[in-house]
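Participant: Need the 3D shape of this:
(one chain, ligands or ions: 1)
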Amino acid sequence: MPSGDDRRIEGAGTPEADWAGLATLPAIAPGELVAEGQRTVVVAPHPDDEILACGGFMLRLLEARREVVLVAVTDGAGSHPGSNVWTPGRLARERPRESREALQRLGAGAVDVQRLGLSDTRVAEQASRLLGWLGRFLRPDDVVVTTWRGDGHPDHEACGRICAQAVQAAGCGMLETPVWAWHWSWPGDPRVPWQRARRIVLTPDQLAAKRAAIEAHVSQLGEDASTGQGPVLPETALARLLRPFEVVLQ
Ligand SMILES: [Zn+2]
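Facilitator: Residues are numbered from 1 along each chain as shown. Modelled structure (predicted):
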């Protein structure tokens, strides 16, 4: 990131109450974003982004009988640096398991999952592997859903950039989802392309399914006694990710 960049994922971030104005963003039906017969390819940098960013969207797509495929880019082994409790080896085993459990709880257990096994925190360095895989996998009538190119997390931004290149080559569509931007950004922040933002509204049942799915990510929700670090996903983050709608950038 350039120096002077304040898109840091530290502290509590912008409280959800400050984001109340998002409720005025135009709502869109998933069927308008992914037409009948089109396949949705969710490209998740870490095993939880698919739920945090677009769990509700996936659920609504499945309810609209759209095919959804999850591409799990890394195994998430880098979420607890220096930890003796959540070692990289344990995370690499547990986080894919958490992700499978989360999909079950969401009601998306039948979704096809493609695990690529790239190294967590180093997606940009492995861009050619991801680009090559997507080049073989994507079809012109796919819609790729991935983390926003400006999200402020290196792997999230790398996935956004690499997918943008891949969809251009494949001739398919793409939607981007902010995850950590809700932390460092603020309403009206000129760095966010608000004119592209659309709201996918969730019913109370869909939101409850998303909450249950998030709760499957046990490794991300507890304090780490070995490092003294708080949860990767503290309450303040969960409040932002469990609003009754999701935002996609068209
Ligand atoms: Zn992530």
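Participant: okay, and for this structure, where does confidence drop off?
Facilitator: For the chain, applying pLDDT under 70 flags the ranges 1-4.
Participant: and it, which residues reach the ion?
Facilitator: Neighbours of the ion within the chain, by C-beta under 5 Å from the ion: 45, 46, 49. The way it works is simple: take the backbone N, C-alpha and C, and place the C-beta from them, glycine included.
Participant: could I get the residues you listed as a markdown table with neighbour count and secondary structure?
Facilitator: Below are the residues of the chain next to the ion laid out as a markdown table (neighbours: other C-beta atoms under 10 Å; DSSP: H, G, I helix; E, B strand; the rest coil):
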| residue | neighbour count | secondary structure |
| --- | --- | --- |
| 45 | 30 | coil |
| 46 | 30 | coil |
| 49 | 29 | helix |
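Participant: what residues does the helix or strand containing residue 104 touch?
Facilitator: Using DSSP states H and E, residue 104 falls within helix 88-106. For helix 88-106, contacts defined as C-beta atoms under 8 Å, 6 or more residues apart in numbering pick out 46-48, 50-51, 55, 58-59, 70, 72, 75-80, 86, 109, 111, 113, 115, 209-210, 212-220.
Participant: ok, now which ones touch residue 30?
Facilitator: Residues near residue 30 by C-beta under 8 Å, 6+ apart: 57, 60, 61, 64, 66, 200.
Participant: And for it, nearest residue in space, chain neighbours not counted?
Facilitator: residue 60 (4.4 Å; C-beta to C-beta, 6 or more residues apart in numbering).
Participant: give the contact list for whatever residue of the chain ends up closest to the ion.
Facilitator: The nearest approach of the chain to the ion comes at residue 46, 3.6 Å away (C-beta to the ion). Listed by C-beta under 8 Å, 6+ apart, the contact set of residue 46 reads 73, 74, 76, 79, 95, 120, 155.
Participant: between those, which is nearest residue 134?
Facilitator: Closest approach to residue 134 among these (C-beta to C-beta): residue 73, at 10.0 Å.
Participant: gap between the helix holding residue 104 and the chain center?
Facilitator: The chain centroid and the centroid of helix 88-106 are separated by 15 Å under C-alpha atoms, centre = their mean, to the nearest Å.
Participant: Please apply the same query to stretch 140-157.
Facilitator: 8 Å.
Participant: picking that back up, filter the contacts of helix 88-106 down to the ones in strands?
Facilitator: Mapping the contacts of helix 88-106 onto strands (DSSP state E) picks out 70, 72, 113, 115.
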